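**Student:** Sharing a sequence plus its predicted fold:
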Amino acid sequence: MKILIADIPEEGLIIDLEEHLTPDDGSVVAPVVSHLELMKTGTEVMVSGRVQTEVIRECSRCLRSFRRSVNIPVNVVYHPAEEVAGEGQPARHALNIDEMDMGFYRDGEIDITELLREQIVLAGEMKPLCDEACKGICPHCGTDLNTESKHCTCSDDRVDPRLEVLKKYFEKRKE
Ligand SMILES: [Zn+2]
Ligand SMILES: [Zn+2]
């Protein structure tokens, strides 16, 4: 969906959208529901609101895929790309601008679909976890310790990191 900036009235524009996205990585698995407010200030357009959907992530410990719902705040100030090309970086003069992302629009229109796509991609965590308590995969035999821990026979080598300190302590005393 594209919004013509000329169509945004002085008092601002509120849009409620439900869109089906297919980002390149294919991780969005539910309709993308968004509530956005667009305000014009000179040639800048502030877009704020929220976007909700469900994504598939891969657990960084056990490598299993899992579904997660996301609810992301949106705060972006759009500047005209043409103007920026002529004058260098736009000045960060507005209040609270440091908390806003910066975007650029071309030909007098903002691509809302592209905005939502970017926000969802940016919101991806560096190390997603299927569960805070995920036990992960045994580094020796590759067994998923959440479901098949009895197949792992490396348990003798595994020391709980909290006990590691004690183990070292006793080893020292033996010397
Ligand atoms: Zn996991
Ligand atoms: Zn093992």
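**Tutor:** Yep, that arrived. Numbering: from 1, shown residues only. Ligands and ions are numbered 1, 2, ... in the order given.
**Student:** I'd guess residue 62 is in a helix, am I close?
**Tutor:** No: assessed by DSSP: H, G, I helix; E, B strand; the rest coil, residue 62 does not belong to a helix; its assignment is coil.
**Student:** Tell me which residues touch the residue nearest the centre of the chain, please.
**Tutor:** In the chain, the residue lying closest to the centroid (Cα atoms, centre = their mean) is residue 123, at 1.0 Å. The contact partners of residue 123, taken as Cβ atoms under 8 Å, 6 or more residues apart in numbering, are 70, 72. (Each C-beta comes from the backbone N, C-alpha and C, glycine too.)
**Student:** where's it relative to ligand 2, distance?
**Tutor:** Using Cβ to the ion, to the nearest Å, residue 123 is found at 34 Å from ligand 2.
**Student:** same thing with residue 37?
**Tutor:** Residue 37 is 53 Å from ligand 2, by Cβ to the ion.
**Student:** where does that residue land on pLDDT?
**Tutor:** The model reports residue 37 with a pLDDT of 97.
**Student:** in the sheet, who's paired with the residue nearest to residue 30 when sequence neighbours are not counted?
**Tutor:** Counting by Cβ to Cβ, 6 or more residues apart in numbering, residue 54 is the residue found nearest to residue 30 once chain neighbours are left out, at 3.8 Å. Taking DSSP bridges, one finds residue 69 as the beta-bridge partners of residue 54.
**Student:** what do you get for residue 109?
**Tutor:** According to DSSP bridges, beta-bridge pairing links residue 109 with residue 4, residue 106.
**Student:** Kind regards, and thank you for your time.
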